[in-house]
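In: what follows is a protein structure lacking sequence information:
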C-alpha cells in the first residue's frame, strides 16, 4: 500500500526510539491503546442509544442531559492516559489567556 519494506520500518522504529526513548514508548503505547479501547466503548454506547428509538423512528428523550459528548469523553480519556497531552493543553490554555490580556 505505502511501499514500506522491512528496511524502512526498521529505520522508522529506530527514529522513534531515539526521539521518545526506551522508557516512554511503552507508556505511549499503553495510553494510546487505552484511548482506543475507550473510544470503542463510547462508540458502542452511542450506537446502543441510537437503537433505543420509539415506534415511529423518533428517538426516546434521554434523562441525563449533563452527560459529556463523545468528543469530551475522548479528550478527557486521552488527556488521562497519554503522557504530555495534559501538560500541552494547560500550556495552550495559558497562551490563550495571555492573548486575551494582550488584546
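Out: Thanks, I have it. Computed from a predicted model, the values in this text were never measured in an experiment.
In: so residue 77 makes contact with residue 34?
Out: Yes - Residue 77 is in contact with residue 34 according to C-beta atoms under 8 Å; the separation is 7.0 Å. Every C-beta, even on glycine, is put in place using the N, C-alpha and C of the backbone.
In: for these two, indicate the residue with more neighbours.
Out: Shown here are residue 77 and residue 34; by other C-beta atoms under 10 Å, residue 77 has more neighbours (19 against 15).
In: helix, strand, or coil at the more buried one?
Out: With DSSP: H, G, I helix; E, B strand; the rest coil as the basis, residue 77 sits in helix.
In: so for the residue positioned nearest the centre of the chain, what's the pLDDT?
Out: Taking C-alpha atoms, centre = their mean as the criterion, residue 78 is the residue nearest the geometric centre of the chain, at 4.2 Å. On pLDDT, residue 78 comes in at 77.
In: would you mind listing the buried residues in the helix or strand bottoming out on mean pLDDT in the chain?
Out: Every helix and strand in the chain was compared by mean pLDDT, DSSP states H and E; the lowest is helix 70-81, with a mean of 77. Buried residues in helix 70-81, counting neighbours by 16 or more other C-beta atoms under 10 Å, are found at 73, 74, 77, 78, 79, 81.
In: any chance of CSV for the residues you listed, columns distance to residue 40?
Out: Below are the buried residues of helix 70-81 laid out as CSV (distance: C-beta to C-beta, whole Å):
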residue, distance to residue 40
73, 12
74, 11
77, 11
78, 14
79, 18
81, 14
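In: how far out from the middle of the chain is the longest helix along the chain?
Out: Longest helix of the chain, by residue count under DSSP state H: helix 24-51. Chain-centre distance of helix 24-51: 8 Å, with C-alpha atoms, centre = their mean, to the nearest Å.
In: show me what the least confident helix or strand of the chain is packed against.
Out: helix 24-51, helix 85-102 (3 or more C-beta pairs under 8 Å, 6 or more residues apart in numbering; DSSP states H and E).
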